[in-house]
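[1] This is a predicted model, with the sequence first.
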Amino acid sequence: MMPRAILALLLAALIPSAEAYVRVRTSGGDFLFRTDNQNIIFLMNDQTTAGMTNADAEVLITADSDPFAALQGSLKSWDAVSSADVAFAPLSTTPLVHDPADNHVFVFLDTPDIRTIVGGAIAVTRMFFIGDGQNSGQFTDTDIIFNPNNTDSKTGDFIPYSTTLEPGTYDIQSIATHEVGHALGSDHTVVAGASMFPTLRTGAHFSSFISADDACFLTSAYPAQGSVNDFGALSGTVTVDGQPATGVFVTAIDSAAGVTVGALTDLSDGTYRIPLP
């Protein structure tokens, strides 16, 4: 089974950040951010159940799964970063789907519209935000939509979701944790093992755990009071033949502690700065 990409659907052009990890920006260069970070309310579409099928009568979520617990677990993973000022309300259900004018909803339904939105990704975060002017970058809606038609690119076999790490299935909590990261304003990272790493294999669940790289993103975007004292930094400049190497990913690895954090060099001068826990 080849790894599949987990994508975020954005409605503006993106400029990479020169911070550790990568934060999403608007086309004007502003970071995407939430103003409800102290009480983020996510809802699960009320048609999401174990054993549910897609439009082709294929089992979308295995019968022995608990999708509600898995989605709640994904919120708790980000909630547990004590250095960040982020809190999620308890998950509840809703008849809402993915209207950009409603609340933030987890969706597993199968419609032609949803198939168009997700394309070939395992899931997408459909993010709407203020594109320019006052409050540019502020999220207005973040719906997380799971692909109802995952298939193996080699065999063509349908791939369901589960919460049991059953071989040949995608782990719901891992996918949701990754997508919630997008809903908080994180882009993908090249740090393998981070929740925001962009690929996932069937039966894998590493994305359900928040890594140091993920925690650095969250703390930078939504710092808790006094959290600046918990972080140091590495900084420098990457050059090739004496010229700045721009847009290059740098990783800092503490092999003894098992901590890896990444940074993208600045697009103009090749400098980088990596906050370190």
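    Received it, and whenever you're ready, just let me know what you need.

[2] from here on, contacts and neighbour counts on C-alpha atoms
    Will do.

[3] residues contacting Asn147?
    Applying Cα atoms under 8 Å, 6 or more residues apart in numbering to Asn147 gives the contacts Phe108, Asp110, Ile114, Arg115, Val118, Gly119, Gly120, Ala121, Ile122, Ala123, Val124.

[4] Name only those of these that count as buried.
    Buried members of the contacts of Asn147, counted by 16 or more other Cα atoms under 10 Å: Phe108, Asp110, Ile114, Arg115, Val118, Gly120, Ala121, Ile122, Ala123, Val124.

[5] Adding distance to Pro275, secondary structure and pLDDT as columns, could you present the contacts of Asn147 in a markdown table?
    As requested, the contacts of Asn147 are exported to a markdown table (distance: Cα to Cα, whole Å; DSSP: H, G, I helix; E, B strand; the rest coil; pLDDT from 0 to 100):
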| residue | distance to Pro275 | secondary structure | pLDDT |
| --- | --- | --- | --- |
| Phe108 | 36 | coil | 98 |
| Asp110 | 41 | coil | 98 |
| Ile114 | 38 | helix | 97 |
| Arg115 | 39 | helix | 97 |
| Val118 | 33 | helix | 95 |
| Gly119 | 35 | coil | 93 |
| Gly120 | 34 | coil | 92 |
| Ala121 | 31 | coil | 95 |
| Ile122 | 31 | coil | 96 |
| Ala123 | 29 | strand | 97 |
| Val124 | 28 | strand | 96 |
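
[6] now, which of the residues you listed sits nearest Phe31?
    Comparing the contacts of Asn147 against Phe31 with Cα to Cα places Val124 closest, at 19.3 Å.

[7] wait, the closest one sits on Thr116?
    No: between Val124 and Thr116 there is no contact under Cα atoms under 8 Å: 11.2 Å.

[8] thinking again about what came up before, which member of the contacts of Asn147 is positioned nearest Gly232?
    For those, the nearest to Gly232 is Val124 (33.2 Å; Cα to Cα).

[9] Please name the bridge partners of the closest one.
    Note on Val124: beta-bridge partners by DSSP bridges are Leu7, Ile145.

[10] Quick check: the gap between it and Ser153.
    According to Cα to Cα, to the nearest Å, Val124 stands 18 Å off from Ser153.

[11] starting at the chain centroid, how far to stretch 117-127?
    11 Å (Cα atoms, centre = their mean, to the nearest Å).

[12] cool, stretch 245-256 as well?
    The chain centre lies 20 Å from the centre of stretch 245-256; the measure is Cα atoms, centre = their mean.

[13] ok, residues contacting it?
    By Cα under 8 Å, 6+ apart, stretch 245-256 touches 16, 18, 190-191, 238-239, 259-272, 274.

[14] which of those are buried?
    Among these, the ones that count as buried by 16+ other Cα under 10 Å are 16, 18, 190-191, 238, 260-267, 270-272, 274.

[15] Looking at those, which are in strands?
    Using DSSP state E to define strands, the subset of those located there is Thr260, Val261, Gly262, Ala263, Leu264, Thr271, Tyr272, Ile274.
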